[in-house]
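**Q** model the structure of this input:
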Amino acid sequence: MSTTERALGQVKWFNNKAGYGFITMNDSADENAGKDIFVHYSSIRVTNSQYKYLTQGEYVEFSLERSTSEKHELQANDVSGLKGGKLMCEVRRTVFPEGDRRPVRSYRRFEEDGEQQQQGDDDFKKVQRRKPAARKPRTVPAPSV
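**A** Below is the predicted model:
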């Protein structure tokens, strides 16, 4: 396989701490189909400078080259998403537009005036405690007859 052709594969595993892993080739027409291909983090292509990693099960495209080390026969180079698209490490932490954010949980606060706070002895405010949330009733299965 020449270096200009792009191969398709699925990430078998990738160790983020060590910076390497293996991709299983999916191209059935190729003689290397089903083989595990070594991949190093330095050969991962991302659009911006960020922490580069691959996710297990992710489909990727890459160039295949003979490895210079004796440990691995083949090595993946220029690893990117399918059809030159983004990898999962590039799209995982995207910033959502303001309208698409999940609602923030708001907590009820006690009012400053009214019955919630009363003036007690020695100029201390007497604060009424909030009632605990009601528990859901336990469902007991009906006895079988």
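
**Q** what segments of this protein are strands?
**A** 7-15, 20-25, 36-40, 59-66, 74-80, 117-119, 125-127 (DSSP state E).

**Q** other residues contacting the longest one?
**A** Read it as strand 7-15. Defining contact as C-beta atoms under 8 Å, 6 or more residues apart in numbering, one finds that strand 7-15 is touched by 1, 20-27, 30, 32, 36-37, 39, 53-64, 76, 82. Using the backbone N, CA and C atoms, a C-beta is placed for each residue, glycine as well.

**Q** go again using 7 Å as the cut-off
**A** Counting by C-beta atoms under 7 Å, 6 or more residues apart in numbering, the neighbours of strand 7-15 from elsewhere in the structure are 1, 21-27, 30, 36-37, 53-62, 64.

**Q** write the PyMOL selection for whichever of those are buried.
**A** In PyMOL syntax, the buried subset of these is picked out as below (16 or more other C-beta atoms under 10 Å):
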select buried, resi 1+21+22+23+25+27+36+37+53+54+58+60+61+62+64
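
**Q** turn the strands of the chain into CSV, including distance to N48 and mean pLDDT.
**A** Supplementary listing: the strands of the chain in CSV, determined by distance: least, C-beta to C-beta, whole Å; pLDDT from 0 to 100:
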stretch, distance to N48, mean pLDDT
strand 7-15, 19, 92
strand 20-25, 22, 93
strand 36-40, 20, 92
strand 59-66, 18, 90
strand 74-80, 13, 90
strand 117-119, 52, 52
strand 125-127, 51, 76
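
**Q** between those, which one is closest to A142.
**A** Shortest separation from A142 across the strands of the chain is recorded for strand 125-127, at 45.0 Å, computed as C-beta to C-beta.

**Q** just list what the closest one packs against, helices and strands only.
**A** Under the contact criterion of 3 or more C-beta pairs under 7 Å, 6 or more residues apart in numbering; DSSP states H and E, the helices and strands touching strand 125-127 comprise strand 117-119.

**Q** would you map the helices across the chain?
**A** Using DSSP state H, the helices of the chain run over 88-91.
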